[in-house]
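J.: Build me a model from this:
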Amino acid sequence: MTDNIPLQPVRRPKRHDSKHRNGCCPWSRCCGIGDFRPRTVWLGHPEKREQRYPRNVINNQKYNFFTFLPGVLFNQFKYFFNLYFLLLACSQFVEELRLGALYTYWVPLGLVLFITIMREAVDEIRCYLRDKEVNSQIYSKLSMRGNDLLSFTGSCFLRTDQLDGETDWKLRLPVACTQRLPTATDLLQIRSYVYAEEPNIDIHNFIGTFTREDGDPPVNESLSIENTLWASTVIASGTVVGVVIYTGKELRSVMNTSNPRHKVGLFDLEVNCLTKILFGALVVVSLVMVALQHFAGRWYLQIFRFLLLFSHIVPISLRVNLDMGKMVFSWMIKKDSKIPGTVVRASTIPEQLGRISYLLTDKTGTLTQNEMVFRRLHLGTVAYGMDSMDEVQSHVFSAYTQPTHDLPASRAPAATKVRKTISSRVHEAVKAIALVHNVTPVYEANGVTDQAEAEQHYEDTCRVYQASSPDEVSLVQWTESVGLTLVGRDQSSMQLRTPTGQILNFTILQIFPFTYESKRMGIIVRDESTGEITFYMKGADVVMAGIVQYNDWLEEECGNMAREGLRVLVVSKKSLTEEQYQDFEARYVQAKLSVHDRSLKVATVIESLEMEMELLCLTGVEDQLQTDVRPTLEILRNAGIKVWMLTGDKLETATCTAKNAHLITRNQDIHIFRPVTTRGEAHLELNAFRRKHDCALVISGDSLEVCLKYYEYEFMELACQCPAVVCCRCTPTQKAQIVRLLQERTGKLTCAVGDGGNDVSMIQEADCGVGVEGKEGKQASLAADFSVTQFKHLGRLLMVHGRNSYKRSAALSQFVIHRSLCISTMQAVFSSVFYFASVPLYQGFLIIGYSTVYTMFPVFSLVLDKDVKSEVAMLYPELYKDLLKGRPLSFKTFLIWVLISIYQGSIIMYGAMLLFESEFVHIVAISFTSLILTELLMVALTIQTWHWLMIVGELLSLACYVASLVFLHEFIDVYFITTVSFLWKVTVITLVSCLPLYILKYLRRRFSPPNYSKLTS
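T.: Next comes the predicted model:
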């Protein structure tokens, strides 16, 4: 059974993050395909279809050809900032309100819109091409009468990494009653149908039935998750025939993917708030000016003229400067040689990286490499590590080379008896590990040996292992390294090869697969050479402790190995007589035929065997961490960022990884949230958790769902106080829900990191989404705002680039506001002196040049400023913690810059009027020149680390102003500016406006230096 599986062995990743994920027409609900309902699918008879289903395409675009321009413009003008400037520009078409040339208002606005439209167009084109690539994949149909069957044959192993984050290979079984048909096309000739449950988000379960009506009697077979292949999974080995059950928006992968949201940075919202305050100040100043005129004449027109006259209070160049700054920050991130391969896909929010409070990360492939390595074999009295595996190998070798008869005990030395005992125990442990698993060896042609020959002769060089868990593979690979090799397996038998080359044959009688509830797996095998029947079992220590015979070392050693970050499995065995097994089999088959409470009855029968089992050994495997995960997590923790791990993996695996990565430190207690299913259980467990202090939390997805359903506020309040949180068995939707709740409950910025398709929802929901390119494909990388190649690059991305982007954006925005407030203050002083006339102080090119060629380069060069070197920022992540309070851009710093602007604007304007000589044009020359010089000096005062481009910008701007004076004779007296009188007056005014601020800066750094200055000194 399949959603939509490609024929290729490897599938290109696809994104399911659109607003219209079904890819259908907008009227799909009217067509009767909007509601999710169960369905009956007839094989080869599409005319019997009872309802319509979505088309099998995806569409991730935000706009189409007709809605692109209106949509982009609406998204721009729904913000106050841009709407204000649009109304301002439109007002200049009214003759009575016009204060200057139209280009002085329309050119800056047009530039902002042009940059935005081009950026959106590029994003839409890229999205369209990605969708086209996925939707163009070719499938083969057996039925020519409808889209019912896809051409696959046989059973298979499945990779689900793009769906649930697990790279384990999962075995998928065919429907038993169809295996007797001669060919696949015979499926179309029989009268049969599939009944499937309604589409839902549960990727771990499926309920359905397969019915064949032309049989005598009719065959009715139940279907489960083992018969399904969901979309976004890959057939790793084998081929199958499947009937299409779900398509389009009904796919499990699509239903587990949330709609993408248009991310607006917190910094942009804060700037938008400040512009509203400035707009309020603009209205107040305009009303005051008209009130001082006693509302004479057509006062309402005067209000509009003053609104236009003081419009520079809200700087139109602010948005241009910030957008260009974001582009520079994004370019710096991409060009950083210390984080190669990093890609910025959302260039609008780089400053968000500087204020992250919560980091939510995936486990498999993000923190770990998903490569299990066998580290420890413990027999109770003796343990074998990586440096003593040769001893294990010698024990296994001796077990198969010794004579079958032993020496009498009386004739054997005591030491020999001990060696035999240890050798026998090691051999039994290795043999058990080699048998109790779900690993299948597969032989592939290697260019020298073809597949059939390799399989016949068990060629080691052609063999690869397939399993539903990487630690299963690591255990089988370890038994091969010590001499006992798994060389063959099918559904009913298994073959092992001894160190001497002998093939041991075992018949598989029963398999009890691992489940999250049971936390163990078992197998019953018959040794073909001796006829012995043995029940082997392995599982987590918490459940195996009550199954194995009493011992005094299991709990202690399991704890020791777990503290080393190893995944511990307890291995045991039990010998069965033929009568015991026959009795068990009869009860087991009867339980499986039950209709009601089948799982409970089956579990009860199996538990009758799980008593007084012989403890053989403990195994410890380690999931290799990504490079420098531990120091990176340490940096993030010292920076004040709380790290939560959200994974679809098992609780034990997640807990071990959290310890190994030092996400949970050695001196921290761990509270493992008990499984809860009811409100009462959740209440009791939350009360127990409340009594813990400074304790890391580990909780499963099922318990999390119950807690959020009944006690959302209480749970989030407690969880946010934890130093670390681990959520295991999380669905993709739950991951996104946790991110959303953190944002709502704390108001803090979140960053989500993942590498698989199951992380896309979380990445898109977070304020900053970071995708890691890894073994699970590029789906997360393509959906993320930022893409990195390794988890360790996250440290530099946040500590260096995030911090610099935020501080530079804050400095740039406040300086642009200061620049505009200065000239607006001068205009207010000028108008008040000249009887509150609504006449502009500067006209034409002077007003355009002031915010462009005369001051643009020095002001924009602030994007290159930095308070500390990148090495210092990485060495002292505590510097990042200061930014979480939002101090670089706050109402306090805003007010300081407002006061500075009012002081400097007033000094320049009053000074010019006091010192000017007979003509008004001298006021313009003195004040404007002093204003330009003041701005250049203020940039120099603000800069903390000089860059050669800053010096170039200062000199270039000054040179542009001096050179342009030749062409500005309409506004400035060229002869006057060459006199000594002009020079000393400009010098005095400029010094009075800037020198006090330089003195204040020196005193502040001398007596109350900031944190970073202590490090730089």
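J.: pLDDT score for residue 452?
T.: Each residue has a pLDDT score; the one for residue 452 is 62.
J.: Measure how buried the closest residue to residue 545 other than its chain neighbours is and give me the count.
T.: Leaving aside its sequence neighbours, residue 545 sits nearest to residue 554 (Cβ to Cβ, 6 or more residues apart in numbering; 5.9 Å). To be clear about C-beta, it is placed using only N, CA and C from the backbone, and glycine gets the same treatment. Residue 554 has 20 neighbours, counted by other Cβ atoms under 10 Å.
J.: And for residue 892?
T.: Neighbours of residue 892 (other Cβ under 10 Å): 8.
J.: Quickly list the domain ranges of this protein.
T.: What the TED database lists as the domains of the chain is 39-55+139-256, 313-336+799-1014, 358-367+626-788, 372-399+422-443+461-622.
J.: mean pLDDT lowest for which of these?
T.: domain 39-55+139-256 (a mean of 73).
J.: Quote the end-to-end distance of it.
T.: Domain 39-55+139-256 has an end-to-end distance of 20 Å (Cα to Cα, to the nearest Å).
J.: chain center to it: distance?
T.: Chain-centre distance of domain 39-55+139-256: 31 Å, with Cα atoms, centre = their mean, to the nearest Å.
J.: Repeat that for stretch 520-532.
T.: Relative to its parent chain, stretch 520-532 has a centroid offset of 44 Å by Cα atoms, centre = their mean.
J.: neighbouring contacts of it?
T.: The contact list for stretch 520-532 (Cβ atoms under 8 Å, 6 or more residues apart in numbering) reads 435-438, 494, 504-514, 533-540, 543-544, 547, 575-576, 581, 606, 609-610.
J.: and what of stretch 896-912?
T.: 814-815, 817-818, 821-826, 828-830, 923, 926-927, 930-931, 934, 938, 985, 988-989, 992-994, 997.
J.: for stretch 474-492, same thing?
T.: Contacts of stretch 474-492 (Cβ under 8 Å, 6+ apart): 372-374, 389, 392-393, 396-397, 400, 430-431, 433-434, 437, 439-441, 455, 458, 460, 463, 465, 467, 494-499, 503, 507-508, 569, 619, 621.
J.: Only the buried subset of the residues you listed, as a PyMOL command please.
T.: Those of those that count as buried under 16 or more other Cβ atoms under 10 Å are selected in PyMOL with:
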select buried, resi 372+373+374+392+393+396+397+430+431+433+434+437+439+440+441+455+458+463+465+467+494+495+496+497+498+499+508+569+619+621
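J.: So how do I select the buried members of the contacts of stretch 896-912 in PyMOL?
T.: Restricted to buried positions by 16+ other Cβ under 10 Å, the PyMOL selection for the contacts of stretch 896-912 reads:
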select buried, resi 814+815+817+818+821+822+823+824+825+826+828+829+830+923+926+927+930+931+934+938+985+989+992+993+994+997
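J.: Which ones among the contacts of stretch 896-912 map onto helices?
T.: Applying DSSP state H to those, the entries found in helices are 814-815, 817-818, 821-826, 828-830, 923, 926-927, 930-931, 934, 938, 985, 988-989, 992-994, 997.
J.: in the helix or strand where residue 904 lies, what counts as buried?
T.: Using DSSP states H and E, residue 904 falls within helix 891-915. Of the residues in helix 891-915, 894, 898, 900-909, 911-913, 915 count as buried by neighbour count, 16+ other Cβ under 10 Å.
J.: and those residues, which two are the farthest apart?
T.: Maximum pairwise distance among those (Cβ to Cβ): 31.7 Å, between 894 and 915.
J.: my read is residue 751 is in a strand, agree?
T.: Yes. Residue 751 sits within a strand when classified using DSSP: H, G, I helix; E, B strand; the rest coil.
J.: and it, what is it in contact with?
T.: Counting by Cβ under 8 Å, 6+ apart, residue 751 touches 353, 356, 358-360, 766-770, 798.
J.: if you set the cut-off to 7 Å instead, what comes out?
T.: Contact analysis of residue 751 by Cβ atoms under 7 Å, 6 or more residues apart in numbering lists 356, 359, 766-768, 770.
J.: could you measure the spatially closest residue to residue 894 that is not a sequence neighbour against residue 935, distance?
T.: In space, and not counting its chain neighbours, residue 894 is closest to residue 274: 5.8 Å by Cβ to Cβ, 6+ apart. Distance, residue 274 to residue 935, by Cβ to Cβ, to the nearest Å: 20 Å.
J.: One more: residue 547?
T.: Using Cβ to Cβ, we find residue 547 at a distance of 79 Å from residue 935.
J.: now swap in residue 667 and tell me
T.: The spacing between residue 667 and residue 935, counted by Cβ to Cβ, is 54 Å.
J.: quick one: which of those two has more around it?
T.: The residue with more neighbours, out of residue 667 and residue 935 and counting by other Cβ under 10 Å, is residue 935; that gives 24 against 6.
J.: Isn't the more buried one up against residue 855?
T.: Yes. Counting by Cβ atoms under 7 Å, residue 855 is a contact partner of residue 935 at 4.8 Å.
J.: and for those two, which residues touch both?
T.: Common neighbours of residue 935 and residue 855 (Cβ under 7 Å, 6+ apart) are residue 819.
J.: The residue nearest to residue 716 when sequence neighbours are not counted: how many residues sit nearby?
T.: Nearest non-adjacent residue to residue 716, counting by Cβ to Cβ, 6+ apart: residue 745, 4.6 Å away. Using other Cβ under 10 Å, residue 745 has 15 neighbouring residues.
J.: element containing residue 745, please.
T.: Going by DSSP H and E, residue 745 is part of helix 732-746.
J.: That helix: which residues count as buried?
T.: Quick answer for helix 732-746 (16+ other Cβ under 10 Å): 732-743.
J.: what's the closest of these to residue 102?
T.: Ranked by distance to residue 102 (Cβ to Cβ), the buried residues of helix 732-746 are led by residue 743 at 43.2 Å.
J.: quick one: the closest one and residue 750 touch, right?
T.: Yes. At 5.9 Å, residue 743 counts as touching residue 750 under the criterion of Cβ under 7 Å.
J.: I'd assumed the residue nearest to residue 894 was in a helix, is it?
T.: Yes. Assignment of residue 274 by three-state DSSP places it within a helix.
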